[in-house]
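> Prediction below, plus the sequence it came from.
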Amino acid sequence: MSDRDRYSRQERFTPLGPEGQRKLGESHVLIIGAGALGTSIAETLARAGVGRLTIADRDYVEWSNLQRQQLFSEEDASKRLPKAIAAERRLRAINSSIRIDAHVMDVKLEELQTLVDGVDLIMDGTDNFDTRLLINDLSQKYNIPWIYGGCVGSYGITFTILPGQTPCLNCLLGTVPLGGDTCDTAGIIPQAVQLVTAHQTTEAMKLLSGHPEALRDKLHTFDLWRNESMFMGVKHAKKEGCLSCGTQRTYPYLSVSNLEKTDVLCGRDTVQIRPGKKQSLDLKETAERLEKLAEGQVESNPFLVSFSVGQYRLVVFADGRALIHGTKNITEARTIYHRYFG
């Protein structure tokens, strides 16, 4: 079967057409994260005929992923296959005519800089704002558009960021309520994932097929359970003095001082994680949120919250710093930390 047969229904969509399909086939998209958002994005773009997909993820497939991470199987979970590899194998079975590059890696500054060369668009499938702010600064520095997306519970949010035109993520911080819950603390329904990625990938196809005039210039939020949807104009949020995209930009999240720091504590089976910037956690609210998980006793005092998850014990302080007891593996510790403090 020819590519013309494969994409015939898509090409019959007048705004796209054969020329738009050709441009999709010449495009290169970088997907950071192969979890719920990343796998849905990757499958949609692979089926749409985007010519090259690069996927990077640090985690492996677990049983709890199967409820919403649509590229994975029970066999992947039983083998604890790295998500990037499992995704690559499934995508090759879906569309063997495109190029797929999978990277099993903890994406930080050095790794991300090696991945962005020749990329037309970056898609957000991450689980934490440290990585998103890193993507944001690299997007601005190298003039690469990226599409932010997030979801938890029945809530979702997405926004298309165009360097030099729209507010960047750093501009939006403090202006838009971006939330702090994660799927592990508040749960998630798969439909929220599907709606976020439907908006993300539609925006991607508009951009890659040469139709920037069709892009949505508003931030979209929704809550499927509450039957709520809102499109928020955020043009006013673009700040001339923004250090990421303003006139005197310094790309602060590319600075070593603003990167998340991890240390294996000497003589202890413990990793310490410090956010790039100090936070101000409400420890009472944090303890109440974690108690709902019922995975272990949550203890707190005016200075910290301590709780257990399986073999690990986590201790978090008001400034966002955390100790992950039960491992010396930094990548493993970061994964656990972002599950609960995404």
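Happy to help now that I have it.
> for stretch 73-90, what is the average pLDDT?
Averaging pLDDT along stretch 73-90 yields 92.
> In the stretch 1-150 of the chain, where is pLDDT below threshold?
Counting by pLDDT under 70, the ranges of the stretch 1-150 of the chain that qualify are 1-3.
> quick one, strands of the stretch 1-150 of the chain?
Assigned by DSSP state E, counting those that start in this stretch, the strands in the stretch 1-150 of the chain fall at 28-32, 52-57, 99-104, 121-124, 146-152.
> so can I have a markdown table of the ones you listed showing mean neighbour count?
In this view, the C-beta of every residue, glycine as well, is placed from N, C-alpha and C. Formatted as a markdown table, the strands of the stretch 1-150 of the chain follow (neighbours: other CB atoms under 10 Å):
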| stretch | mean neighbour count |
| --- | --- |
| strand 28-32 | 24 |
| strand 52-57 | 24 |
| strand 99-104 | 18 |
| strand 121-124 | 25 |
| strand 146-152 | 25 |
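> Show the contacting residues for the residue nearest the centre of the chain.
Against the mean C-alpha coordinate of the chain, by CA atoms, centre = their mean, the closest residue is Thr126 at 1.9 Å. Applying CB atoms under 8 Å, 6 or more residues apart in numbering, we find Thr126 in contact with Ile32, Gly33, Leu37, Val107, Arg132, Ile135.
> got it, and Thr270?
Val264, Leu323, Ile324, His325, Gly326, Thr327, Lys328.
> now do 10 Å
By CB atoms under 10 Å, 6 or more residues apart in numbering, Thr270 lies in contact with Asp263, Val264, Tyr312, Arg313, Val315, Leu323, Ile324, His325, Gly326, Thr327, Lys328, Ala333.
> repeat for Ile324
262, 265, 269-273, 309, 312-316, 330, 332-337.
> For those, which ChimeraX command selects only the ones that are buried?
In ChimeraX, this line selects whichever of these come out buried by 16 or more other CB atoms under 10 Å:
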select :262,270,271,272,273,309,312,313,314,315,316,330,332,333,334,335,336,337
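> still on that earlier bit, specify which member of the contacts of Thr126 is nearest to Ala87.
Gly33 (10.3 Å; CB to CB).
> Check the gap between the closest one and Val298 for me.
28 Å (CB to CB, to the nearest Å).
> When those two are compared, which one has more neighbours?
Gly33 (27 against 19; other CB atoms under 10 Å).
> Find the nearest non-adjacent residue to that one, please.
Gly125 (3.3 Å; CB to CB, 6 or more residues apart in numbering).
> list the contacts for that neighbour?
Counting by CB under 10 Å, 6+ apart, Gly125 touches 31-42, 55-57, 83, 131, 147, 149-150, 196-197, 200.
> hmm, 6 Å instead?
By CB atoms under 6 Å, 6 or more residues apart in numbering, the residues touching Gly125 are Ile31, Ile32, Gly33, Leu37, Gly38, Ile41.
> and which of the residues you listed is nearest to Tyr253?
Checking the contacts of Gly125 against Tyr253 with CB to CB, the nearest one is Ile32 at 14.0 Å.
> which residues does that closest one bridge with?
Ala56, Asp124 (DSSP bridges).
> Okay, it and Met123: tell me how far apart.
Per CB to CB, Ile32 is found 7 Å from Met123.
> Repeat that for Arg313.
Noted for Arg313: a distance of 35 Å to Met123, by CB to CB.
> and if you look at Glu332?
The gap separating Glu332 from Met123 is 25 Å, by CB to CB.
> swap in Asp181?
Taking CB to CB, one finds Asp181 at 22 Å from Met123.
> Same question for Thr166.
For Thr166 relative to Met123 (CB to CB), the value is 16 Å.
> Kindly report the same for Tyr148.
Separation of Tyr148 from Met123 (CB to CB): 9 Å.
> what pLDDT does Phe303 get?
pLDDT, Phe303: 75.
> on that earlier part again, identify the farthest-apart pair in the contacts of Thr126.
Most distant of the contacts of Thr126, by CB to CB, are Leu37 and Val107, 14.2 Å apart.
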